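Enquirer: the sequence and its predicted three-dimensional model are supplied below.
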Amino acid sequence: MPTLIRLEDGAFVEAADPFTAVADDMPVPAEGAVVLPLARFEAEGAGLLDEGRPVGVLLQPDEAVEGLAYDLPRLALVALAFPKFRDGRAYSSAALLRSRLGFAGEIRAVGDVLREQARDMARCGFDAFVPSDGSGAADWTAAAGRYRHVYQTAADHRAPAFVERESE
Amino acid sequence: MSVYAYDQIDRDMLADRAAEFRGQVTRRLAGDLSEDQFKPLRLMNGLYLQLHAYMLRVAIPYGALDGRQLRALAEISREFDKGYGHFTTRTNIQFHWIRLKDAPDILDRLAAVDLHAIQTSGNCIRNVTADPYAGATAEEVDDPRVWSEAIRQWSTFHPEFTYLPRKFKIAVTGSAKDRTAARSHDIGLKLTRNRDGQLGFEVMVGGGMGRTPYLGPTIREFLPARSLLSYLTAILRVYNRLGRRDNIYKARIKILVAATGAEDFGRQVEAEWAALDQAAIDLPDLELARIRTAFGVVPFEALPARSTAFEAARAADPAFARFARNNLAPHKRPGYAIVNISLKAPGETPGDATAEQMEAVAGLAERYGQDDIRVTHAQNLVLPHVKLDDLPVVFAELQRHGLATPNLDLVTDIIACPGLDYCALANARAIPIAQDIARRFETPDRAEAIGELKIKISGCINACGHHHVGHIGILGVDKKGEEFYQLSLGGSGAEDASLAAILGPALPADQVAPAVEALVDAYLGLRSDASERFLDTYRRLGPAPFKEAVYADADQA
Ligand code: SF4
């Protein structure tokens, strides 16, 4: 089974990935957990959910998370694509999933996913990562943990500097 | 105390950044990172690879420095560069001759005086521009530095806005008289009070230079000041999601605003803002008060408005009198003045300062200027609080260091980008053109008779020299491998903002200074009186007489 990195209770760990990512032109496997592109999910998702299978949706950066609002409670995960690491739209998508749409399931980063993004991703609410640079959980722990403080509120609920200062 | 006093949290941030970068450089030097892998990392620390060497761009937050910080910059230039630094139109400082292996040590040195190179490059929120007269001018509604510092903290390592479609620049002005070119920024913020006396901002979005210049339209007339950060979050989120990423030249927010229409864009921002958890984002009043307090209080003395020492020196020394006429601005307190230090001495590179000059300015600030120094987007320096009584001494000291050029906002106070001499993107040189023009108007009497005239030069369409908002704008273009220059007239980056219009065909390098001279001569013949600036005459008469002056001349040549 392929592996990914999970952020669990503040710690990055390597874990097995039970989900099969179904590409646009690929048949849905007969059983097991799947992640579908949005169009496939809209066509086939309801049936799979009725079978009781764990289903996730893969969103491209130009696909608005708001479109999933109605389905979110039934989804096991939302995967957000990074076609290039410089394409930062998925950070807003993740932030909205957590803070506006109240999604508590897994948010997974896929595509051009590098260890240097660990901190920003974790702060925006991602909690699963499929790195493309061969990095492991130890690299992600190091990259995400380099800073002792943050200046702004984000989806990770770390206390920003102005809250830290209040309690001094 | 004159700059925002860092607390332990602010210091830890810089220390953590410096340590992270040291690790990355070590991996690069050991060959564990390829240049391709290293490039995005070094760019996040303001380290560019240029024609001859690495260039390090150091942030000067909203252009404010104290003596200790300016001395540190001088030391860095002496130890790691060639003994000078270049102040940019973004009120940052660049060192053009840096070795990679020294970069981590330089960041440590910077961090020791609360300076850094964070977000001086990359598609993120860059250093904020603020009024260089902040805290000193009577015109101001409120001190823009407080709000600029709030923006600095909020935007530093913002997890959602580090990979925007393109770089993002914010300006804050506290006065109606705009010294920040607010409408030429991605976001321009003007402090204002509403009818109830409540403090807030006029919010302008989507201005910019580059190949498609725009003046940013106002999307909100009045935003309560304490909602600033949540409103900025809303703007940035809309831009991050919807800004174009398919074409680097269409990726700035100005293109999104122009394509959407300012009104519609404003509605999208308002909708996003209404849905945000504003209370979690906006700074509590106590924190705003803490920031304000951390700037300290300037211990102004009660002085008479008239200074005998100042008047005597003005009467005795024509050079001092000229400096006083051109380079001083009124201070909010009687007996004080705002001193502009021009970095545009004839024959010098606009914006360059040597280590000795930086140390001299630091010393003057410490002794006579409340330890406060500002950098302006016109690439000059300011001592915002100097007693009139001390001005003769300050002037003498400036003179000794070649810093008393009395040409603020005059024809020789030219903005120029680094151009072909340093910049890999350039089509043409900018600095030698500026030097050519400055030499032609070297005689101070002549420059002064011409009055306010802002010349701005860019070495390519990226417009770092802001030529679109020059009274005379000069743009370097490439014509079959040769350097040519396109002249535009009628731009302004001030409160009467406008974009310059192209005058006619581009000129070869040796005809640029003569053309400027022809323009100036035409203006002198046409102006209604000495109080009508070049820009006003152009606005009154249009391009025709100026066109004739330049191209009639060029034909003869
Ligand atoms: S305007 Fe062009 S040449 Fe000048 S600094 Fe900017 S990119 Fe370089």
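Expert: All right, it came through fine. Numbering: from 1, shown residues only, chains lettered A, B, ... in the order given.
Enquirer: now do the same contact list for residue B:399.
Expert: Residues near residue B:399 by C-beta atoms under 8 Å, 6 or more residues apart in numbering or on different chains: residue B:319. For glycine as for every other residue, the C-beta is placed from the backbone atoms N, C-alpha and C.
Enquirer: for my notes, confirm it occurs in a strand.
Expert: No: Residue B:399: not assigned to a strand; according to DSSP: H, G, I helix; E, B strand; the rest coil it is helix.
Enquirer: and residue 48, how many neighbours?
Expert: Picked chain A for this. 18 (other C-beta atoms under 10 Å in any protein chain shown).
Enquirer: switch to chain B, please.
Expert: Applying other C-beta under 10 Å, I find that residue B:48 has 20 neighbouring residues.
Enquirer: so what's it closest to, chain neighbours aside?
Expert: residue B:55 (4.5 Å; C-beta to C-beta, 6 or more residues apart in numbering or on different chains).
Enquirer: how far is stretch B:439-447 from where the chain is centred?
Expert: 25 Å (C-alpha atoms, centre = their mean, to the nearest Å).
Enquirer: got the CA coordinates for it in CSV?
Expert: Written as CSV, here are the backbone C-alpha positions of stretch B:439-447 (Å, rounded to 0.1, in the frame of the first residue of the first chain):
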residue,chain,number,x,y,z
ARG,B,439,25.2,67.2,-15.6
ARG,B,440,23.2,69.4,-18.0
PHE,B,441,21.4,71.0,-15.2
GLU,B,442,24.3,71.1,-12.8
THR,B,443,24.1,74.8,-12.1
PRO,B,444,21.9,75.1,-9.1
ASP,B,445,20.4,78.4,-10.1
ARG,B,446,19.2,76.9,-13.3
ALA,B,447,17.7,73.9,-11.6
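Enquirer: quick one: average confidence on it?
Expert: Taken as a whole, stretch B:439-447 has a mean pLDDT of 93.
Enquirer: can you list contacts of it?
Expert: Residues outside stretch B:439-447 that contact it (C-beta under 8 Å, 6+ apart) are B:322, B:346-347, B:406-407, B:410-412, B:450, B:513, B:516-517, B:520.
Enquirer: try 10 Å
Expert: Residues outside stretch B:439-447 that contact it (C-beta atoms under 10 Å, 6 or more residues apart in numbering or on different chains) are B:318-319, B:322-323, B:326, B:346-347, B:405-407, B:410-414, B:438, B:448-450, B:453, B:455, B:513-514, B:516-517, B:520, B:524.
Enquirer: which residues touch residue 132?
Expert: Looking at chain A here, since you left the chain open. Applying C-beta under 10 Å, 6+ apart, the residues near residue A:132 are A:82, A:85, A:109-114.
Enquirer: right idea, wrong chain: chain B
Expert: B:62-64, B:91, B:144, B:179-180, B:329, B:338, B:340, B:373-378, B:380-382, B:384.
Enquirer: export the contacts of residue A:132 to a markdown table and tack on pLDDT, secondary structure and distance to residue B:14?
Expert: Converted to a markdown table, those look like this (pLDDT from 0 to 100; DSSP: H, G, I helix; E, B strand; the rest coil; distance: C-beta to C-beta, whole Å):
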| residue | pLDDT | secondary structure | distance to residue B:14 |
| --- | --- | --- | --- |
| A:82 | 97 | strand | 29 |
| A:85 | 92 | coil | 25 |
| A:109 | 98 | strand | 28 |
| A:110 | 98 | strand | 33 |
| A:111 | 96 | strand | 32 |
| A:112 | 94 | coil | 29 |
| A:113 | 95 | coil | 28 |
| A:114 | 93 | coil | 24 |
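Enquirer: just the buried residues of these.
Expert: A:82, A:85, A:109-114 (16 or more other C-beta atoms under 10 Å in any protein chain shown).
Enquirer: residue in chain A nearest to the ligand?
Expert: Residue of chain A nearest the ligand, by C-beta to the nearest ligand atom: residue A:86 (19.4 Å).
Enquirer: how about whatever residue of chain A ends up closest to chain B, nearest residue that isn't a chain neighbour?
Expert: Across chain A, the shortest distance to chain B (C-beta to the nearest C-beta) belongs to residue A:88, at 2.8 Å. Setting aside the residues directly before and after it, residue A:88 is nearest to residue B:163 in space (C-beta to C-beta, 6+ apart), at 2.8 Å.
Enquirer: any idea how far the one you found is from the ligand?
Expert: 21 Å (C-beta to the nearest ligand atom, to the nearest Å).
Enquirer: OK, contacts around that residue?
Expert: Per C-beta under 10 Å, 6+ apart, neighbours of residue B:163: A:82, A:84-91, A:117, A:120, B:40, B:122-124, B:240, B:245.
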